[in-house]
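Visitor: Got a predicted structure here, sequence first:
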Amino acid sequence: MHHYMAFGLHIHSEIALPELADGDPDAVVDVHIRRGTFELPKLRPTTIYRRGIRAHFGRDAQQALYLDWAGVAAFKATGGHALTVSPVTADGNLISLFTVSEALGLVLFQKGYFLLHASAVAVGDEAWCFMGMPGAGKSSTAAAFIKAGCRLLSDDLTAITFDKSGKPLIIPAYPQLKIWDRTVQGLQYNRSDLEPVSEGVNKFSFQPKEGFSLAAVPLKKVLFLHKARNKPAVQSLGVAEVPGEMLRNFPLATELLDGEYLKKHFFQSLQCAKSAEILRQRRPEGFERLEKWVRESIREQLIAG
């Protein structure tokens, strides 16, 4: 049995998940991850792809949630406390990659976390979150902030909870940021600090495990990144625009957001907008300009703090 911490949860797993931070074997378990077999309900294709494989989603009468990636594994999430993995491939690294992404996201959804397809870092004592269409530069922007001394909070799955007053807090995920080779070169990351990632060609993993904090961080800023030259470099979003943008960046099957869940997502989006600055931001072109913008942003944030 392996013992991990991720998203504020104590996880006991029969499957090795090397991306996650080590946990306390004596702690009360929040989530069990087990190998097993199960019958899949009727599945529908999703817009979720990993390694070019399209995920299929289903839900049974007992509200267990399922994801299936052909040729890799099927997953069943039950009650927010159990994830059953039915592997097809024998590649342990591949199974881990798929487990700690959307599959674990199903458990987080069942626990009521507000989920975003986003990267996040801590700038000082506050969290900045980066979203956008594929290619907008989420991971490259996060990598630039980390190079400048900021702490990693999450890679492509960001989980938010709310305190008693309704203020949003980002729960750190695990110490891994996946970055493309061109970003490694452009930001001059030391390749000896990186590991190849099973997710695709020319992609690497930066794993700042030493000093990775598991403490929740207040959400300060949400940036919807884009590269469009015909749009303003920076533009504040009106409150009415925020739920739609957040919905477009939901990381799981959209079928989950129906009825009361859709209402909850709308309400949580507005809670984020009340406490955090929500912006559309054109990502600076070129790594030199990106790093300059990052340094200036950090300086302004620290001065304001």
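Guide: Nice, I can see it.
Visitor: When you work out contacts or count neighbours from here on, use the C-alpha atoms and nothing else.
Guide: Fine.
Visitor: what's the helix or strand hosting Phe109 packed up against?
Guide: Assessed by DSSP states H and E, Phe109 sits inside helix 104-110. In terms of contacts (3 or more CA pairs under 8 Å, 6 or more residues apart in numbering; DSSP states H and E), helix 104-110 is packed against strand 73-78, strand 82-87, strand 114-116.
Visitor: end to end, how far does stretch 185-203 reach?
Guide: Length of stretch 185-203, first residue to last, CA to CA, to the nearest Å: 12 Å.
Visitor: Give me the contact list for that stretch.
Guide: Stretch 185-203 has contacts (CA atoms under 8 Å, 6 or more residues apart in numbering) with 50-51, 93-94, 97, 143-144, 147, 178-181, 184, 204-207, 287.
Visitor: Buried members of these into ChimeraX, please.
Guide: Per 16 or more other CA atoms under 10 Å, the buried members of those correspond to this ChimeraX selection:
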select :93,94,97,143,144,178,179,180,181,184,204,205,206,207,287
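Visitor: Tell me how the protein divides into domains.
Guide: 2-111, 116-304 (automatic domain parsing).
Visitor: I'd like the ones you listed as JSON lines, with mean pLDDT appended.
Guide: Formatted as JSON lines, those follow (pLDDT from 0 to 100):
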{"stretch": "domain 2-111", "mean pLDDT": "95"}
{"stretch": "domain 116-304", "mean pLDDT": "91"}
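Visitor: quick one, phi/psi of Ala27?
Guide: phi -70, psi 150 (degrees, to the nearest 10).
Visitor: what about the residue nearest to it when sequence neighbours are not counted, neighbour count?
Guide: Nearest-residue entry for Ala27: His10, 6.9 Å, with adjacent residues in sequence omitted and distances by CA to CA, 6 or more residues apart in numbering. The tally of other residues near His10 (other CA atoms under 10 Å) stands at 21.
Visitor: And Phe145, by the same measure?
Guide: 25.
Visitor: swap in the one 5 residues further on?
Guide: Cys150 is flanked by 18 other residues according to other CA under 10 Å.
Visitor: Start at 743, not 1
Guide: I'll keep to 743 as the first residue from here, and by that count the last item is Cys892.
Visitor: ok, it touching Ala864?
Guide: Yes. Proximity of Cys892 to Ala864 meets the contact threshold set by CA atoms under 8 Å, at 5.7 Å.
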